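[1] sequence and computational prediction follow.
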Amino acid sequence: MSAVSFQNLSKTFPDGTRALRGVDLEIAEGEFIALVGPSGCGKTTLLRILAGLEGPSSGTVLIGDTDASGLEPGERDLAMVFQNYALFPHLSVFENLAFGLRARKRPKDEVDQAVRGVADRLGLSGLLKRKPGELSGGQRQRVALGRLLSRNPAIHLLDEPLSNLDANLRSSMRDELARLHREHGRTTLYVTHDQVEAMTLGQRICVMNEGEIVQLGPPSEIYGRPATRFVAEFFGSPAINLLAGQVAAEEGKDPRFLLGGQALDLVAKTAPTPGPALLGLRPESLAAVPCSEPGSTLETTLDRVEDLGDSRLLRLSCESHELVIRTDGEAPATGSTVHLRPDWERAHWFDPSSGARI
């Protein structure tokens, strides 16, 4: 039995905005799902409908085997952490952490034990008497998470909880979230537009765009076999290189990929049918080689080098396309010619019109 099931779920707001379009999604008990996509893609709306803060225009939400449409927000065994933390400013840290348990009229000793245990785990023990206005952003974030953990319901909902934190704090909080999920094993829906958060936290990633699910799968599949051009471009830093060209085939010869005035011989098993095609090569799937190998390498010009310390990004131009590769070797001089050999085993092909994988 799924912990949560969205069945043909749609949502249209009064102004005509279609936030969700026939979403179907099954989430297993104890699973950590990362909902990812650009702003306005519908991921937060999906979370709010599950929480009971919004109603769907059509479709069904099941929590376990219960239709959630008949449940008030307080009757759903879940809790939500918001992007802006949503702490009560007039209450102390202790009172914020205890709020959910007190609302359910739990015994005083149970409340005290739960709050102090969570506070100790999250490094909040010395802050219990402070108000949210006296805390840093990272401390407020831990209080928001602690309020969820004090109750520890069956379903945890998190809506971009780390977006207001600096890079170092986001990294440490990702580690904390992963550890908490390992220990508690609660069903978790985590909304983010950050690909790093999605890849490092989600057991499965649900990629959304314009109110629809465009791909669902484990991080390795989302990155290694993107279903569409949109998914390929959304994941990866630096972004995937996309080359618009033509696949040509002559009888008795291997097919070739034509890019402007250059041509690459294609291994038969990697080549799509002849015609226009979009070739996707991630920065790590292109290697700089010492010299030209006709039919095997692309000739490019080095425009700029970005030194990252442990590696360098080479930004190059080729037949009106911009390319980027990552290397740990010495970078050639700006303006010099660089020959690139693709790794065809890791090439991605997309339809230039629809963006679908081919």
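    Good, I have the coordinates.

[2] would you map the strands across the stretch 251-358 of the chain?
    256-259, 262-265, 275-281, 286-289, 298-307, 312-318, 321-327, 337-342, 348-350 (DSSP state E, counting those that start in this stretch).

[3] for V4, which of the ones you listed is the nearest?
    Nearest to V4, of all the strands of the stretch 251-358 of the chain, is strand 348-350, at 31.4 Å by C-beta to C-beta. For every residue, glycine as well, the C-beta is placed using N, CA and C.

[4] on that earlier part again, most packed of the strands of the stretch 251-358 of the chain?
    Comparing the strands of the stretch 251-358 of the chain by mean neighbour count (mean count of other C-beta atoms under 10 Å), strand 348-350 ranks first with a mean of 22.

[5] I'd like the mean pLDDT over it, please.
    The pLDDT scores in strand 348-350 average 96.

[6] isn't N152 up against H184?
    Yes: if you go by C-beta atoms under 8 Å, N152 and H184 touch, sitting 6.3 Å apart.

[7] which of these two has more neighbours?
    Neighbours per residue (other C-beta atoms under 10 Å) separate N152 from H184, with N152 holding more: 15 against 12.

[8] report the contact partners of that one.
    The contact partners of N152, taken as C-beta atoms under 8 Å, 6 or more residues apart in numbering, are H184, R186.

[9] and what of L20?
    L20 touches L9, S10, K11, G42, T45, L46, I49, P56, G211, counting by C-beta under 8 Å, 6+ apart.

[10] apply 6 Å and report the result again.
    L9, S10, K11, G42, T45, G211 (C-beta atoms under 6 Å, 6 or more residues apart in numbering).

[11] and if you look at R282?
    G236, I240.

[12] any idea how far it lies from N241?
    Counting by C-beta to C-beta, to the nearest Å, the gap between R282 and N241 amounts to 7 Å.

[13] does the closest residue to L264 other than its chain neighbours have beta-bridge partners, and which?
    Excluding the flanking residues, the one nearest L264 by C-beta to C-beta, 6 or more residues apart in numbering is F257, at 4.6 Å. F257 has the following beta-bridge partners by DSSP bridges: V247, L264.

[14] give me the pLDDT value at F257.
    95.

[15] what's the answer for M1, then?
    Predicted confidence (pLDDT) for M1: 55.

[16] and for the residue nearest to L78 when sequence neighbours are not counted, the neighbour number?
    Spatial nearest neighbour of L78, chain neighbours left out: I155 (3.7 Å); criterion: C-beta to C-beta, 6+ apart. When neighbours are counted by other C-beta under 10 Å, I155 registers 21.

[17] circling back to that earlier point, for the strands of the stretch 251-358 of the chain, give me TSV that also has distance to E110.
    Below are the strands of the stretch 251-358 of the chain laid out as TSV (distance: least, C-beta to C-beta, whole Å):
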stretch	distance to E110
strand 256-259	66
strand 262-265	67
strand 275-281	54
strand 286-289	59
strand 298-307	55
strand 312-318	54
strand 321-327	53
strand 337-342	61
strand 348-350	53
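
[18] tell me which residues touch G146, please.
    L97, V118, L122.

[19] just the CA coordinates of the lengthiest helix in the chain, formatted as PDB?
    Identified as the longest helix of the chain according to DSSP state H is helix 167-184. Output of helix 167-184 as PDB, limited to C-alpha atoms (Å, rounded to 0.1, in the frame of the first residue of the first chain):
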ATOM      1  CA  ALA A 167      25.900  27.700   0.900                       C
ATOM      2  CA  ASN A 168      27.900  26.200   3.900                       C
ATOM      3  CA  LEU A 169      24.800  26.000   6.100                       C
ATOM      4  CA  ARG A 170      22.700  24.500   3.300                       C
ATOM      5  CA  SER A 171      25.300  21.700   3.000                       C
ATOM      6  CA  SER A 172      25.400  20.900   6.700                       C
ATOM      7  CA  MET A 173      21.500  21.000   6.800                       C
ATOM      8  CA  ARG A 174      21.300  18.600   3.900                       C
ATOM      9  CA  ASP A 175      23.500  16.200   5.900                       C
ATOM     10  CA  GLU A 176      21.200  16.600   8.900                       C
ATOM     11  CA  LEU A 177      18.100  16.000   6.800                       C
ATOM     12  CA  ALA A 178      19.500  12.800   5.300                       C
ATOM     13  CA  ARG A 179      20.500  11.600   8.800                       C
ATOM     14  CA  LEU A 180      17.100  12.300  10.200                       C
ATOM     15  CA  HIS A 181      15.400  10.400   7.400                       C
ATOM     16  CA  ARG A 182      17.700   7.400   7.900                       C
ATOM     17  CA  GLU A 183      16.900   7.300  11.600                       C
ATOM     18  CA  HIS A 184      13.100   8.000  11.500                       C
END
